[in-house]
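A.B. asks: For reference, the sequence and a predicted model appear below.
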Amino acid sequence: GAGVSQSPRYKVAKRGQDVALRCDPISGHVSLFWYQQALGQGPEFLTYFQNEAQLDKSGLPSDRFFAERPEGSVSTLKIQRTQQEDSAVYLCASSPDSDEQYFGPGTRLTVT
Amino acid sequence: GQQLNQSPQSMFIQEGEDVSMNCTSSSIFNTWLWYKQEPGEGPVLLIALYKAGELTSNGRLTAQFGITRKDSFLNISASIPSDVGIYFCAGLGDSNYQLIWGAGTKLIIKP
């Protein structure tokens, strides 16, 4: 079946704008994760959902970051009042349990 | 908190050579995962390891879960140009969902 998809693939936002990043996980995967990846670094955990429940949001950098997965499938990561330091690749991963995580291609966010 | 040390940071090799990279942890992990990431793409899962001492192959790739549960290595045999990319190790420890990541090993194949 299809893998994890993310949209948009690239997003340029002016400082102060709000952005919404979408993740379509692999069908039937219970767990969904959001990561932030800076250039030349490994992914950094942001938040974790099990079905529609957000079980861990400890990695979200500030209260400007908000994630939801209302029906336990598609998830949206929203960033309000974007700042330059928010520029990064945002990766979504899904998993049938929580061990093997399968990643989407990422959304590259550039805040100007 | 848990830390992962991945080495080497980068490797310049000739096509056909074997490659070895490893990760060590300051604490015990229950699962080790190896991923490959190419430019503009997300990490792709290569091998998953679940038991101490486990040795698993995926084509020309072989990975092992160290018996101390604090390390893992990945070998690539007879490298080819499409092996180029960044290889990441990731482990699951106390948390059963939050992966701890190495900094990556960048593999470059000399023409």
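C.D. replies: Good, I have the coordinates.

A.B. asks: wait, what's in contact with the residue nearest the centre of chain A?
C.D. replies: With distances taken as C-alpha atoms, centre = their mean, the residue of chain A nearest its centroid is residue A:34 (3.6 Å). For residue A:34, the contacting residues are A:23, A:46, A:47, A:67, A:75, A:77, A:90, A:91, A:92, by C-beta atoms under 8 Å, 6 or more residues apart in numbering or on different chains. Using the backbone N, CA and C atoms, a C-beta is placed for each residue, glycine as well.

A.B. asks: Quick check: pLDDT value at residue A:34.
C.D. replies: At residue A:34, the predicted lDDT confidence score is 98.

A.B. asks: Tell me the spacing between it and residue B:44.
C.D. replies: As judged by C-beta to C-beta, to the nearest Å, residue A:34 and residue B:44 stand 18 Å apart.

A.B. asks: swap in residue A:41?
C.D. replies: In this structure, residue A:41 and residue B:44 are 17 Å apart, going by C-beta to C-beta.

A.B. asks: Which helix or which strand is home to the residue nearest to the centre of chain A?
C.D. replies: Element membership for residue A:34, per DSSP states H and E: strand A:31-37.

A.B. asks: again with residue B:21
C.D. replies: Using DSSP H and E, the element containing residue B:21 is strand B:19-25.

A.B. asks: So that strand, near chain A or not?
C.D. replies: No: shown here: strand B:19-25 not in contact with chain A (C-beta under 8 Å from any C-beta of the partner chain), separated by at least 10.9 Å.

A.B. asks: so what does that strand touch, helix or strand wise?
C.D. replies: strand B:4-7, strand B:10-14, strand B:71-76, strand B:85-92 (3 or more C-beta pairs under 8 Å, 6 or more residues apart in numbering or on different chains; DSSP states H and E).

A.B. asks: need those strands in CSV with mean pLDDT and distance to chain A, can you?
C.D. replies: Below are the helices and strands packed on strand B:19-25 laid out as CSV (pLDDT from 0 to 100; distance: least, C-beta to the nearest C-beta, whole Å):
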stretch, mean pLDDT, distance to chain A
strand B:4-7, 94, 8
strand B:10-14, 95, 11
strand B:71-76, 98, 14
strand B:85-92, 96, 5
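
A.B. asks: Of those, flag the one that's most buried.
C.D. replies: Stretch with highest mean neighbour count among those: strand B:85-92 (a mean of 24; mean count of other C-beta atoms under 10 Å in any protein chain shown).

A.B. asks: any idea which helix or strand comes after it?
C.D. replies: Of the helices and strands lying after strand B:85-92 in sequence (DSSP H and E), the nearest is strand B:100-101.

A.B. asks: Now do the contacts for residue A:107.
C.D. replies: Contacts of residue A:107 by C-beta under 8 Å, 6+ apart are A:6, A:7, A:8, A:9, A:10, A:11, A:21, A:89, A:90.

A.B. asks: what bridges to it?
C.D. replies: Beta bridges link residue A:107 to residue A:90, judged by DSSP bridges.
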